[in-house]
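Visitor: Generate coordinates for the sequence data below:
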Amino acid sequence: MSLLHPSAPIPSFPATSTLSFHPKSITRATTRLACFQNSLNYKRRPPILLRRLLQIGVTFGKWFGDRYVDTVMDRTDQMFEIRAAELWKILVELGPAYIKIAQAVSSRPDLIPPSYLDELSLLQDRITPFSTEVALNTIEQELGLPIDELFSEISPEPIAAASLGQVYQARLRCSGQVIAVN
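Guide: Coordinates of the predicted model:
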């Protein structure tokens, strides 16, 4: 017994298909898939999301509470620079996304007071680098080869650090050219 009607054509593609995909459509589809997978990760792991939201809420809540107490005790002017430094530390602890937001805000003197502007502008160029071991492992994973096979030398410490990465100076094993590795 056949499930298909005998006169119904079966859709197929010729062996030499002329189908082509535009790179932007593939990129958009990949981005949508990545966003969907990320949303699934958080749907499967609500405790992780809740813990992060609690961390952010408590951290900023304490800071805003301290600012409120300063206002009530009429010591806002004396504590302004201290609270600005605390905000800088909070943003660094919360991670790269908050550092990037603060960097963007620090370029807008019309939005924030000068003391905060001074502290947040430090986020432009004074970010503490993360572990070199972690960075080198990440480089190996992304390039798919051990560091020793790729480079004859690599700086033991980063020559620059930013909110989303850090840069090492290295010498390519194959050509001897000195390059920057991010």
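Visitor: which stretches of the protein have low pLDDT?
Guide: 1-44, 125-128, 162-164 (pLDDT under 70).
Visitor: ranges for the strands of it?
Guide: 151-154, 160-161, 166-172, 178-181 (DSSP state E).
Visitor: Which neighbours in the sheet does the third one have, and how are they oriented?
Guide: Spelled out, it's strand 166-172. strand 151-154 (antiparallel), strand 160-161 (antiparallel), strand 178-181 (antiparallel) (DSSP bridges).
Visitor: elements contacting the longest helix along the chain?
Guide: When the chain is parsed with DSSP state H, its longest helix is helix 46-72. On a contact count with 3 or more C-beta pairs under 8 Å, 6 or more residues apart in numbering; DSSP states H and E, helix 46-72 meets helix 76-94. In this view, the C-beta of every residue, glycine as well, is placed from N, C-alpha and C.
Visitor: can I get the CA coordinates of the helix it packs on in PDB?
Guide: Extracted C-alpha coordinates of helix 76-94, given in PDB (Å, rounded to 0.1, in the frame of the first residue of the first chain):
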ATOM      1  CA  THR A  76      27.300  63.500  50.100                       C
ATOM      2  CA  ASP A  77      30.000  66.000  49.200                       C
ATOM      3  CA  GLN A  78      32.600  64.300  51.500                       C
ATOM      4  CA  MET A  79      31.800  60.800  50.200                       C
ATOM      5  CA  PHE A  80      31.400  61.700  46.500                       C
ATOM      6  CA  GLU A  81      34.900  60.500  45.400                       C
ATOM      7  CA  ILE A  82      34.800  57.400  47.700                       C
ATOM      8  CA  ARG A  83      31.500  56.400  46.100                       C
ATOM      9  CA  ALA A  84      32.900  57.000  42.600                       C
ATOM     10  CA  ALA A  85      35.800  54.700  43.400                       C
ATOM     11  CA  GLU A  86      33.400  52.100  44.800                       C
ATOM     12  CA  LEU A  87      31.400  52.200  41.600                       C
ATOM     13  CA  TRP A  88      34.600  51.600  39.600                       C
ATOM     14  CA  LYS A  89      35.300  48.500  41.600                       C
ATOM     15  CA  ILE A  90      31.800  47.200  41.300                       C
ATOM     16  CA  LEU A  91      31.800  47.600  37.600                       C
ATOM     17  CA  VAL A  92      35.100  45.700  37.300                       C
ATOM     18  CA  GLU A  93      33.800  42.900  39.500                       C
ATOM     19  CA  LEU A  94      30.600  42.600  37.500                       C
END
